[in-house]
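# I need the structure of the sequence given here:
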Amino acid sequence: MEINRNSNKLNTMFLTGLKELGTLLLGKFKWGPGFFSLNQEVLDQYAKCSNGEEVIKAQQQYLDMVQQESIEARLQGMYFTVKIKQCWPL
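Sure thing, here's the model as predicted:
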């Protein structure tokens, strides 16, 4: 629960223009260094929004992109598996 509460506070800092303060505070947590690098892309998109409706739209676009990347990665893995089986039949 503490991680969620602190990450919510850090998200708020980034989204309200207090990025430097948020980055400074990230250093206080073990999980801090990976937090911003993991969430930077979506936080940057949210920070560009001027209201809740835009945030929801940005969120959906981000989720759609992540889903598409996941599908493409699985398809590449399946293609690789098929190629291996064609080369070395069991």
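
# can you give me phi and psi for Gly17?
Dihedral angles of Gly17 (phi, psi; degrees, to the nearest 10) stand at phi 90, psi 10.

# look up the closest residue to it, ignoring the ones flanking it.
Ala47 (7.6 Å; Cβ to Cβ, 6 or more residues apart in numbering). Glycine gets a C-beta too; all of them are placed from N, C-alpha and C.

# who touches the one you found in this structure?
Each residue near Ala47 by Cβ atoms under 8 Å, 6 or more residues apart in numbering is listed here: 14-15, 17.

# same list (those) but as CSV, adding neighbour count and pLDDT.
Output for the contacts of Ala47, formatted as CSV (neighbours: other Cβ atoms under 10 Å; pLDDT from 0 to 100):
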residue, neighbour count, pLDDT
Phe14, 22, 79
Leu15, 17, 79
Gly17, 10, 81
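
# where's the residue nearest to Gly27 when sequence neighbours are not counted, which helix or strand?
Leaving out its chain neighbours, the residue that sits closest to Gly27 by Cβ to Cβ, 6+ apart is Pro33, at 7.5 Å. For Pro33, the host element (DSSP states H and E) is helix 32-47.

# list the buried ones in the next helix or strand after that helix?
Next in sequence after helix 32-47, counting helices and strands by DSSP H and E, comes helix 52-87. Within helix 52-87, the residues scored as buried using 16 or more other Cβ atoms under 10 Å are 55, 58.

# use 20 as the first number from now on
With the count now opening at 20, the last piece we talked about shows up as helix 71-106.

# report the inter-axis angle for helix 71-106 versus helix 51-66.
Going by axes from the mean of the first three to the mean of the last three Cα atoms, to 10 degrees, helix 71-106 is angled at 120 degrees with respect to helix 51-66.

# thanks a lot, see you next time.
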